[in-house]
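Novice: Please find the sequence and the predicted model below.
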Amino acid sequence: MIAVTVDPAPIEIGAEHAAIAASGAGGIATFTGIVRADDGVAALTLEHYPGATEAALHVLAEAAAARWELTGVRVTHRVGWMVPGDLVVFVGTAARHRAAALEACAFLIDRLKTEAPFWKKETLAAGERWVEPRGSDDAAAARWIG
Amino acid sequence: MIAVTVDPAPIEIGAEHAAIAASGAGGIATFTGIVRADDGVAALTLEHYPGATEAALHVLAEAAAARWELTGVRVTHRVGWMVPGDLVVFVGTAARHRAAALEACAFLIDRLKTEAPFWKKETLAAGERWVEPRGSDDAAAARWIG
Amino acid sequence: MATEILYFAWVREKIGVGAETLNLPDGLSTVADLVGWLAGRSDGHAEAFAEPARLRAAIDQVFVPLEATLGQPREIAIFPPVTGG
Amino acid sequence: MATEILYFAWVREKIGVGAETLNLPDGLSTVADLVGWLAGRSDGHAEAFAEPARLRAAIDQVFVPLEATLGQPREIAIFPPVTGG
């Protein structure tokens, strides 16, 4: 009922959605992150901490399943080299009742942003730069505490 | 940037997602409603008010676009005869920032449930029955007011 | 002036038709008055409109409470609370 | 006892390697102490660890603050704040 994947292969929305729909839910909420071409970004490289990343995503998925009544949780994160328009992350939550699916989906992406060991490097015409963490991500993650 | 569809054709998630992703967003939130086989439901028939339905969905989509900074809004509702596992409704919202997409998606499905003229009839072994409105839907819609 | 009356869901089923074009009599000031008048048209109408609290309406595709003033609409729809999504 | 030290993102780039297996000296009681000791290994280490406030750590894949007691871990990772999703 929980599936976590960290893979350099492109994310296929149809397959992700079908996998979560197979759980017999009445509603599915998803969030998909897409590489943006902001500031002339030509490419994005995602680095991660093998083993610890999958474990961290599992912990988050288990936390969501403990907090909401879900029939399925799916977190798929791409790593490696990507270009604008590519899908970076897919979070899907399935539940009998839509509020549970919607809230759990927001919880997962908010917490993933601050708790899963991924790092983004942008490639621009002028060179490369590591993405800085954003205070707004910390605030978004903090609202799920307590 | 706003697309509303009411159609008896099956909903194709891949196509829906691709259409909303084309808006150049950094994040996409979606909600998909699926026909459940609860209580031995063998089929679901969706009736709607042609013309008024599309207008109501457009009003909701415009309200979401006015309230959140979105790059795309897509609402696709299937009508007619469906069986368990079929997709009834797809709501997709795209935005630069994920909070806007996630909140607008929840807003749209909550409000659609109480404001768009659709009616569901279930087919069971024992006959047919019209689905009764749920108080929890009114409460979910009301939290977006003000 | 003829008005198009539309029925949906179980209201439609009980009445047996999805639409009627009717000349409304004078003296109907609200949608509720119209519903009361329609209830007299047949047993099906009477059954469909037996519990006004279970009915919703739209005048020219704008959703209104049953207490709304009827005016001179082109189209009125009467139906149960919606259950889509 | 040898400990595997892992580096990620710009920490890794500044140091020039993603992992080192080191015998840690006695007297390192916290992760911050370890970072201070590692900073002396090369100019790259010194640059990577110049601002401890920009660093995060995990001991045996459990995320910990830099003030955490070091203990006798098998694996320690040092990296910038995460930016996935």
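Specialist: Here it is on my side, so go on. Numbers count the residues shown, from 1 in each chain, chains lettered A, B, ... in the order given.
Novice: can we go C-alpha only for contacts and neighbour counts from here?
Specialist: Will do.
Novice: Need the nearest residue in space to the residue in chain C positioned nearest to chain A, chain neighbours excluded.
Specialist: Among all residues of chain C, C:G85 sits closest to chain A, at 9.9 Å; criterion: C-alpha to the nearest C-alpha. Nearest residue to C:G85, sequence neighbours excluded (C-alpha to C-alpha, 6 or more residues apart in numbering or on different chains): B:K113, at 5.2 Å.
Novice: Please state the backbone phi and psi of that neighbour?
Specialist: Backbone geometry at B:K113, expressed as degrees, to the nearest 10, gives phi -60, psi -30.
Novice: Report the contact partners of it.
Specialist: By C-alpha atoms under 8 Å, 6 or more residues apart in numbering or on different chains, B:K113 lies in contact with B:D137, B:A141, C:V82, C:T83, C:G84, C:G85.
Novice: do you know how far it is from chain A?
Specialist: 11 Å (C-alpha to the nearest C-alpha, to the nearest Å).
Novice: Next one: that residue relative to A:V88, how far apart?
Specialist: 31 Å (C-alpha to C-alpha, to the nearest Å).
Novice: Check C:V17 too.
Specialist: C:V17 is 52 Å from A:V88, by C-alpha to C-alpha.
Novice: More neighbours: these two, which one.
Specialist: Neighbours per residue, other C-alpha atoms under 10 Å in any protein chain shown: of C:V17 and A:V88, the larger number sits with A:V88, 26 against 13.
Novice: Surely that one is in contact with A:V75?
Specialist: No - counting by C-alpha atoms under 8 Å, A:V88 does not reach A:V75; the two are 11.0 Å apart.
Novice: joint contacts of the two?
Specialist: With C-alpha under 8 Å, 6+ apart, A:V88 and A:V75 have no common neighbours.
Novice: who does the one helix or strand in chain C whose mean pLDDT sits lowest pair up with?
Specialist: Every helix and strand in chain C was compared by mean pLDDT, DSSP states H and E; the lowest is strand C:62-64, with a mean of 94. Strands that pair with strand C:62-64, judged by DSSP bridges, come out as strand C:56-59 (antiparallel).
Novice: Would you state the helices of chain A in chain order?
Specialist: A:13-21, A:52-67, A:98-115, A:135-142 (DSSP state H).
Novice: Just list whatever residues bridge to the residue in chain A positioned nearest to chain C.
Specialist: Among the residues of chain A, A:G27 lies closest to chain C, at 9.9 Å counting by C-alpha to the nearest C-alpha. Following DSSP bridges, A:G27 is listed with bridge partners A:A95, B:G33.
Novice: Same check on C:E4?
Specialist: Counting by DSSP bridges, the residues bridging with C:E4 are C:T21, C:E75.
Novice: tell me the most buried of the helices of chain A?
Specialist: helix A:98-115 (a mean of 24; mean count of other C-alpha atoms under 10 Å in any protein chain shown).
Novice: how big is the angle separating it from helix A:135-142?
Specialist: 130 degrees (axes from the mean of the first three to the mean of the last three C-alpha atoms, to 10 degrees).
Novice: and the angle from helix A:98-115 to helix A:52-67?
Specialist: 150 degrees.
Novice: Kindly export helix A:98-115 (C-alpha atoms) in PDB.
Specialist: Extracted C-alpha coordinates of helix A:98-115, given in PDB (Å, rounded to 0.1, in the frame of the first residue of the first chain):
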ATOM      1  CA  ARG A  98     -11.100  13.000  -0.600                       C
ATOM      2  CA  ALA A  99     -10.100  15.200   2.400                       C
ATOM      3  CA  ALA A 100      -7.700  12.500   3.600                       C
ATOM      4  CA  ALA A 101      -6.200  12.100   0.200                       C
ATOM      5  CA  LEU A 102      -5.800  15.900  -0.400                       C
ATOM      6  CA  GLU A 103      -4.300  16.600   3.100                       C
ATOM      7  CA  ALA A 104      -2.000  13.600   3.000                       C
ATOM      8  CA  CYS A 105      -0.700  14.700  -0.400                       C
ATOM      9  CA  ALA A 106       0.100  18.200   0.800                       C
ATOM     10  CA  PHE A 107       1.700  16.800   3.900                       C
ATOM     11  CA  LEU A 108       4.000  14.500   2.000                       C
ATOM     12  CA  ILE A 109       5.300  17.000  -0.500                       C
ATOM     13  CA  ASP A 110       5.800  19.700   2.200                       C
ATOM     14  CA  ARG A 111       7.700  17.300   4.500                       C
ATOM     15  CA  LEU A 112       9.700  15.700   1.600                       C
ATOM     16  CA  LYS A 113      11.000  19.100   0.700                       C
ATOM     17  CA  THR A 114      12.700  19.500   4.000                       C
ATOM     18  CA  GLU A 115      13.300  16.000   5.200                       C
END
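Novice: got any ranges where chain C has weak pLDDT?
Specialist: For chain C, applying pLDDT under 70 flags no range at all.
Novice: looking at it, the residue of chain C closest to chain A is touching B:I109, isn't it?
Specialist: Yes - with contact defined as C-alpha under 8 Å, C:G85 counts as touching B:I109 (6.9 Å).
Novice: pretty sure C:V31 is in contact with C:L66, am I right?
Specialist: Yes - with contact defined as C-alpha under 8 Å, C:V31 reaches C:L66; the gap is 5.0 Å.
Novice: Between the two, tell me which one has more neighbours.
Specialist: More neighbours surround C:V31 than the other of C:V31 and C:L66, with 24 against 20 (other C-alpha under 10 Å).
Novice: need the contact list for that one.
Specialist: C:A57, C:P65, C:L66, C:E67, C:A68, C:T69, C:L70.
Novice: Also A:A63?
Specialist: Taking C-alpha under 8 Å, 6+ apart as the test, A:A63 contacts no residue whatsoever.
Novice: so what's the residue nearest the centre of chain A up against?
Specialist: Centroid check for chain A by C-alpha atoms, centre = their mean gives A:V89 as the closest residue, at 4.1 Å. Applying C-alpha under 8 Å, 6+ apart to A:V89 gives the contacts A:I11, A:F31, A:T32, A:G33, A:I34, A:V75, A:T76, A:H77, A:R78, D:G85.
Novice: how about the nearest residue to the second one, chain neighbours excluded?
Specialist: Pointing back at A:F31 there. The shortest distance from A:F31 to any non-neighbouring residue, by C-alpha to C-alpha, 6+ apart, is to B:A29 (4.5 Å).
Novice: State the distance from C:I15 to C:L28.
Specialist: Between C:I15 and C:L28 the distance is 21 Å, computed by C-alpha to C-alpha.
Novice: Neighbour count for these two, which is higher?
Specialist: C:I15 (21 against 16).
Novice: So that one sits against C:G44, correct?
Specialist: Yes - using C-alpha under 8 Å, C:I15 is in contact with C:G44, at 4.5 Å.
Novice: Could you report the neighbour count for the closest residue to A:A3 other than its chain neighbours?
Specialist: Nearest residue to A:A3, sequence neighbours excluded (C-alpha to C-alpha, 6+ apart): A:R74, at 4.8 Å. Residues within reach of A:R74, counting by other C-alpha under 10 Å, total 24.
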